[in-house]
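[1] Curious how this folds, go ahead:
(2 chains)
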Number of protein chains: 2
Amino acid sequence: MQFTSEQRLDDGVLEREFTLGEIPGILWTPGSASAPAPLILVGHPGGLQMMYPRLVARARHAAAEGYAAATIELPGSGDRPRSAAAEQARADLRRALEAGEPVDDEIVDRLVLPLVDKAVPEWRAALDALLALPEIGGPVGYSGGVIAIGTRLAVVEPRISAALLFAGSFVPRTMFEEARQVTIPLQVLLQWDDEGNDRQLALDLFDAFGSKEKTLHANMGGHTGVPPFEGDAGNRFFARHLK
Amino acid sequence: MQFTSEQRLDDGVLEREFTLGEIPGILWTPGSASAPAPLILVGHPGGLQMMYPRLVARARHAAAEGYAAATIELPGSGDRPRSAAAEQARADLRRALEAGEPVDDEIVDRLVLPLVDKAVPEWRAALDALLALPEIGGPVGYSGGVIAIGTRLAVVEPRISAALLFAGSFVPRTMFEEARQVTIPLQVLLQWDDEGNDRQLALDLFDAFGSKEKTLHANMGGHTGVPPFEGDAGNRFFARHLK
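    Model prediction:
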C-alpha cells in the first residue's frame, strides 16, 4: 500500500489516498485517535470519484464515533480496466429494468458473480494492508455497497465482525447458499421502492442469512433515498458489535 | 379520571394508578419535569397486571428521555367484564394456531373488529383526561400493543403525531383500507418468526400504510423476543417526531 496524497478535512479527519498495486483507495482516520482505531470498510457500487461526496460523508460520520474508514475501487469501475463481459451484462440488466421486464437470473449471474470473485480477494488484501498500519487496530465492520460482495466477505473473512448491508442490488440465486453460511451480526437496509432491485428477492435474502442477530431496516423511497437517520442507526449497530 | 394510588419508583418516576369510569389505567411521569411533558400512550395486548413488568420497563425507558407514559386496560381483559363472543373468537384463533392451520379471516374479524371499535374511543377519552393534567403537554405518540388499535388510532386521532407499531397480531383485511389512510410517521416492529402472527400479512400491512415516512424494523425470533436495542431505537424515533 502506497499513500499518494494526504489532506486534513475541516473536522480534523485525515484523508489519505493510496494505491494497492493497481487499485486506488481512500483511508480516513479520526482527528483525535489515542488508541488504534476500529475500522469500517466502506462499500459502494463502483466509481470512487463519482461516489466521493457520499463516501466522505459516511467516513466522517464514522470518524466522529472513533472509527477509521477505508474503501477501494471495484474491478471494472472508475479508472480501472473495463471487462467487456461485465459491460455487456450491465447493459443487459439496464435494458431489462428499463423495459420493466423481470431480470433473468442468467444476467445477474453474468454481472455479479465475476465481480464478487474478483473484488473479494482485493478487499481482503486491502484489509491485510490496513490492519498493518499502527493507527488501525480493529475490530472490523463492513458497510454498504454491492450486497453480494458484502455477503461473500462476511462468509470468507473472519476478521469482519459485523456487517451493515444495503439490499439495493441483485444477488445471484446461487449465492443464497453462501448467505445461509453468514453468522456475524447483520443490519440490512432495504429501500421499499428501489427502482433497480427486487423487493421480494431482498426479503428472501434477509430470510436466508444464517446470522442469529440480524435486523432489517426497510424505509420508503427509491435506491438513493436512504434516510439520514440510518447513518446514526448504523453507528449504533457497529457500537454494539465492534468492541 | 380519578387517581387511586401513587408511588415514587427508585429512579424518581412517579407512578399513579387511576380509573377512568370503569377502566383502570396507569400514568408514569418523569421525576424531574420542568415543563409539561410529551406523552407516549403505551399499548399492550390486554391484562395490565400480567403485562406490568414490561409496561413499567417501557415507561421508565421513556421517562428517562423526558416523556410521560400512560396506559389503560383493554375491553374484556384484566378485571374488566368478558365478552362471550370475544372469548369464543380467541379460542378459535388459538385452536387454529395450535393446529398449524391458516387463520380464517372470519375469526380475525370476530376477534379484532369489536375490540378496536370499543377500545379506540376509550383511548381517546383517556387522552382527553391525560392532556387536561398540567404536567402533560403533548405532543403525543402511540407505542406498541394491538396493531389494529394503533392503526385505527393513527387514522382517527389527530393528536397522535407518530406511532411505533408492533406487527405482532392479526389485522382484519377490511382494515387495510384504514391503513392506507394513515399519514403520520410510523416505525413498525416485526418479529420475523412470530409464532402467533403471519409474516406476509405484516409485510403487506407495512406496504399498505399511507405514511410517507415509515420504517420497518424486523428482528429475528418469536413474539416476545424483541431485542432490547429496539427500546433505544423507539426513543430515537419519538425524539425525531415529538418535538
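
[2] hmm, which helix or strand of chain A has the shakiest average pLDDT?
    Lowest by mean pLDDT, DSSP states H and E among the helices and strands of chain A is helix A:84-98, with a mean of 92.

[3] which helices and strands does it pack with?
    In this structure, helix A:84-98 makes packing contacts with helix A:105-131, judged by 3 or more Cβ pairs under 8 Å, 6 or more residues apart in numbering or on different chains; DSSP states H and E. All C-beta spots, glycine's among them, are computed from the backbone N, C-alpha and C.

[4] Just list whatever residues bridge to residue A:189.
    residue A:166, residue A:217 (DSSP bridges).

[5] Equivalent analysis for residue A:39, please.
    Beta-bridge partners of residue A:39, as defined by DSSP bridges: residue A:68, residue A:140.

[6] Neighbours of it, how many?
    28 (other Cβ atoms under 10 Å in any protein chain shown).

[7] That one and residue A:67 touch, don't they?
    Yes: in this structure residue A:39 lies within contact range of residue A:67 using Cβ atoms under 8 Å: 6.7 Å.

[8] what residues do those two have in common as contacts?
    Listed as contacting both residue A:39 and residue A:67 by Cβ atoms under 8 Å, 6 or more residues apart in numbering or on different chains are residue A:141.

[9] Pull out the CA atoms of stretch A:217-228 and give them to me as PDB.
    Below are the C-alpha coordinates for stretch A:217-228, written out as PDB (Å, rounded to 0.1, in the frame of the first residue of the first chain):
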ATOM      1  CA  HIS A 217     -34.500  -1.700   8.300                       C
ATOM      2  CA  ALA A 218     -36.900  -1.000   5.500                       C
ATOM      3  CA  ASN A 219     -37.600   2.600   4.500                       C
ATOM      4  CA  MET A 220     -39.800   4.300   2.000                       C
ATOM      5  CA  GLY A 221     -38.400   5.600  -1.300                       C
ATOM      6  CA  GLY A 222     -36.100   4.700  -4.100                       C
ATOM      7  CA  HIS A 223     -32.500   3.500  -4.300                       C
ATOM      8  CA  THR A 224     -30.900   6.800  -3.300                       C
ATOM      9  CA  GLY A 225     -33.400   7.700  -0.700                       C
ATOM     10  CA  VAL A 226     -31.900   6.100   2.400                       C
ATOM     11  CA  PRO A 227     -33.000   8.500   5.200                       C
ATOM     12  CA  PRO A 228     -30.200  10.300   7.100                       C
END
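
[10] what pLDDT, on average, does that stretch get?
    For stretch A:217-228, mean pLDDT rounds to 93.

[11] For chain A, just list every one of the helices.
    With DSSP state H as the criterion, chain A has helices at A:48-63, A:84-98, A:105-131, A:147-156, A:176-180, A:199-208, A:229-241.

[12] re earlier: buried stuff in the least confident helix or strand of chain A?
    Across helix A:84-98, burial judged by 16 or more other Cβ atoms under 10 Å in any protein chain shown covers A:86, A:89-90, A:92-93.

[13] and what of stretch A:222-230?
    Here stretch A:222-230 shows A:226-227, A:229-230 as buried, counting by 16+ other Cβ under 10 Å.

[14] Kindly check the end-to-end length of it for me.
    One end of stretch A:222-230 to the other measures 15 Å (Cα to Cα, to the nearest Å).
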